[in-house]
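Novice: got a sequence here, can you build the structure:
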Amino acid sequence: MAKIRGAVIIDQQRCKGCDLCVVACPTDVLQLQPKEVNDRGYHFAYTANPDACIGCASCAMVCPDACFTVYKITTE
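Specialist: Numbers count the residues shown, from 1 in each chain. Purely as a prediction, here's the structure:
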């Protein structure tokens, strides 16, 4: 039976590190980069646990800067 999982692509240069996506993620996939910053000087979001993503797109819905693209991937 096919299994569906999610995949998140983050535009890290647009991210301003507001932390809304991290709070909204029900499976703790996202975190803010603790040491690195983007070109704008913000600690950006990254996928700390990409295998846990379920493709719910909660992160994309709450992001004020539209930094997320969320896919659902079917695996066997």
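Novice: what are the ranges of the helices in the chain?
Specialist: Secondary structure of the chain (DSSP state H): helices at 20-24, 58-62.
Novice: what is the last one packed up against?
Specialist: Using 3 or more C-beta pairs under 8 Å, 6 or more residues apart in numbering; DSSP states H and E as the contact test, the elements touching helix 58-62 are helix 20-24, strand 68-75. Glycine gets a C-beta too; all of them are placed from N, C-alpha and C.
Novice: how about the first one?
Specialist: Applying 3+ C-beta pairs under 8 Å, 6+ apart, one finds that helix 20-24 makes contact with strand 30-32, helix 58-62.
Novice: hang on, the earlier thing: let me have the helices of the chain in TSV, adding mean pLDDT, distance to Y42 and mean neighbour count as columns.
Specialist: Shown next, in TSV, are the helices of the chain (pLDDT from 0 to 100; distance: least, C-beta to C-beta, whole Å; neighbours: other C-beta atoms under 10 Å):
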stretch	mean pLDDT	distance to Y42	mean neighbour count
helix 20-24	97	13	17
helix 58-62	97	16	18
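Novice: among those helices, which comes closest to T69?
Specialist: For T69, the closest of the helices of the chain is helix 58-62, at 7.3 Å, according to C-beta to C-beta.
Novice: dump the helices of the chain to CSV, plus distance to K3.
Specialist: As requested, the helices of the chain are exported to CSV (distance: least, C-beta to C-beta, whole Å):
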stretch, distance to K3
helix 20-24, 23
helix 58-62, 20
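Novice: quick one: closest of those helices to R40.
Specialist: Taking C-beta to C-beta, helix 20-24 is the member of those nearest to R40, at 16.4 Å.
Novice: contacts for the closest one?
Specialist: Residues external to helix 20-24 that are found in contact with it (C-beta atoms under 8 Å, 6 or more residues apart in numbering): 30-32, 45, 58-59, 61-64, 67-68.
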